[in-house]
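J.: Need a 3D model of the following:
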Amino acid sequence: MRILVVLSQLVSSFKKINRLKVVYVCLCLTLISSSFVISKVAVATRQSIYISALNWFQKAEVLGAKDKRNSVIGKSTNPNDSKDATKISYSELSSAIDVEQDKMIGSDNLKAKLTSNQSYLEFKDGDQSYSIISTLLNSEKNKLNSKKQREKIAWDDVQPDVSIENALYENKLKETLTVKKAKSDAKFQYTIELSNAAVLVQKDNKTLIVDKDGKELVELDAPFAVDASNTRFDYKYSIDGNKLTMEPAADISAALYPLVIDPTYTIKTTVNATNWNYYGSQRKLARDGNGNLHTVYVRVTGGYNNVFYAKSYDGGQSWFETALTSDTAYAQNRPSIAIDSANNVHVVWDGTDVTNAPYVFPHYRKFTSSSGSWGTTVNLPGGSSASIAVD
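T.: Next up is the predicted model:
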């Protein structure tokens, strides 16, 4: 007798409660036989396998990092994890875009070029392209970055006792200013250069970039700061021509340093589906026999979609990420995941390689739990949109 364990596409929705992000993940399992025997891996294309029966659901509540101080970044110490797995928070898992200093990088939704004192953003609204150049005044130009990891790049002492970290995601740029010591003037000023008649405005208690007809293109999220005791202090924006000033909304003399300020640009134009759901008919999430969660997804690295795998031991609150591909010439898409009875992980995806017709064909990699290592990539016969199941 055979059993196919089928997991529906990951469906995530976000609720913002204060500064917590709550994600509800619906796990759908189908039992096709009463005998639970998992022995071999079957790979099938979209044209040959469709599973429709869904018998039961399990809902898992997942909490994102409370704030930047609690963001979890580090290497896995679990012997059953790949040695190069990186631990990160859920909210930063799949939408991150790997960055480089002073190099245009990004996705169809948002491209950016980042330096120590300037951020260049480029995005589209329909057929119209827009750009933003944000320059921090009285700051050091073209410093070498002090840290670079995935979507985050940082520079120390861009201003005296002030460091900057930028993080690039599918539809936003998050900037973090860390003020190490109390300053007599706690405000920061930027010049904002916009293309195609876009303008910087304030209305309805929001700071926005709008097009010539008033349509909202970008929102500058209301800035705030968190001090060393985790106390929040609100900041505010003011506009004078092309100059944007960010300063405390009230007295902050009681703040304990370092003080972390969190301005963010959020693109509000129509964007593509997120990488969790990129051609999302394939299974993206699975649970092993120990209750751990496993997921696969694509995100942009080196200018192209690449396939990533991540594992969570705490119900999804934090994840250990491993890159399964690192292609800098062609996109890798549509990953699917399955787990066998020995907790080995099997992943297939659509790989692109113009040197081998039919150019897009299934690729496969296996993680062996006993050795804690990934095998090499295997090219499989068949067409695009591969899925994987175990029986």
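J.: For Phe320, name its beta-bridge partners.
T.: Bridge pairing for Phe320 (DSSP bridges) gives the partners Lys87, Lys311.
J.: my read: it touches Ala310, true?
T.: Yes. Taking contacts as Cβ atoms under 8 Å, Phe320 lies within contact range of Ala310: 6.2 Å. C-beta here means a position set from N, CA and C on the backbone, and glycine is covered the same way.
J.: list residues touching both of the two?
T.: The contact sets of Phe320 and Ala310 overlap at Ile88 (Cβ atoms under 8 Å, 6 or more residues apart in numbering).
J.: Quick one: the helices in the stretch 201-350 of the chain, in order.
T.: With helices called from DSSP state H, counting those that start in this stretch, the stretch 201-350 of the chain shows none.
J.: pLDDT below threshold where in it?
T.: 270-282 (pLDDT under 70).
J.: again, but for the stretch 51-200 of the chain
T.: In the stretch 51-200 of the chain, residues with pLDDT under 70: 51-86, 91.
J.: Contact partners for Thr328?
T.: Gly302, Gly303, Tyr304.
J.: measure it to Ser370 for me?
T.: 32 Å (Cβ to Cβ, to the nearest Å).
J.: which residues does Val296 bridge with?
T.: Tyr309.
J.: Give me the neighbour count for it.
T.: For Val296, the count of nearby residues is 26 (other Cβ atoms under 10 Å).
J.: cool, and Tyr330?
T.: Residues near Tyr330, counting by other Cβ under 10 Å: 17.
J.: Next: Lys147.
T.: So Lys147, with other Cβ under 10 Å, has 11 neighbours.
J.: Distance-wise, check it relative to Asn166.
T.: Counting by Cβ to Cβ - Lys147 and Asn166 are separated by 11 Å.
J.: shared neighbours of these two, which are they?
T.: Common neighbours of Lys147 and Asn166 (Cβ under 8 Å, 6+ apart) are Ile153, Ala154.
J.: tell me the pLDDT at Phe361?
T.: For Phe361, the model assigns a pLDDT of 83.
J.: and it, what does it touch?
T.: For Phe361, the contact set (Cβ under 8 Å, 6+ apart) comprises Asp350, Gly351, Asp353, Asn379, Leu380, Pro381, Gly382, Gly383, Ser384.
J.: Show me which of those are buried.
T.: Those of those that meet the buried threshold are Asp350, Gly351, Asp353, Ser384, by 16 or more other Cβ atoms under 10 Å.
J.: For burial, what's the neighbour tally of the spatially closest residue to Ile267 that is not a sequence neighbour?
T.: Leaving out its chain neighbours, the residue that sits closest to Ile267 by Cβ to Cβ, 6 or more residues apart in numbering is Asn171, at 4.5 Å. By other Cβ under 10 Å, 18 other residues sit near Asn171.
J.: Distance check, Asn171 against Ser318.
T.: In terms of Cβ to Cβ, Asn171 sits 23 Å off from Ser318.
J.: now Asp127
T.: Computed as Cβ to Cβ, the Asp127 to Ser318 distance reads 40 Å.
J.: May I see the ChimeraX selection of the buried members of the contacts of Thr328?
T.: ChimeraX command restricting the contacts of Thr328 to the buried ones, with burial defined by 16+ other Cβ under 10 Å:
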select :303,304
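J.: Dump the contacts of Thr328 to a markdown table, plus distance to Asp98.
T.: Below are these laid out as a markdown table (distance: Cβ to Cβ, whole Å):
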| residue | distance to Asp98 |
| --- | --- |
| Gly302 | 7 |
| Gly303 | 9 |
| Tyr304 | 10 |
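J.: Neighbouring strands - and their directions - for the helix or strand containing Tyr120?
T.: Using DSSP states H and E, Tyr120 maps to strand 118-125. Looking at strand 118-125 with DSSP bridges, its partner strands are strand 111-114 (antiparallel), strand 128-136 (antiparallel).
J.: Pull the residues that contact the shortest one.
T.: The contact list for strand 111-114, computed with Cβ under 8 Å, 6+ apart, reads 97, 99, 101-106, 119-123, 153, 166, 168, 173.
J.: Phi and psi next, for the most centrally placed residue in the chain.
T.: For the chain, the residue nearest the mean C-alpha position is Ser95 (2.3 Å; Cα atoms, centre = their mean). With angles defined as degrees, to the nearest 10, Ser95 sits at phi -90, psi 0.
J.: Just to check, it is in contact with Leu168?
T.: No. Counting by Cβ under 8 Å, Ser95 does not reach Leu168; the two are 9.5 Å apart.
J.: Can you give me the buried ones in stretch 239-250?
T.: Leu244, Met246, Pro248.
J.: I meant stretch 349-367, not that one.
T.: For stretch 349-367, by 16+ other Cβ under 10 Å, it's 349-353, 360-367.
J.: how long is it end to end?
T.: 15 Å (Cα to Cα, to the nearest Å).
J.: where do the strands sit along the stretch 251-391 of the chain?
T.: 259-261, 264-267, 285-287, 293-301, 304-312, 318-323, 332-339, 345-352, 360-368, 373-374, 378-379, 386-390 (DSSP state E, counting those that start in this stretch).
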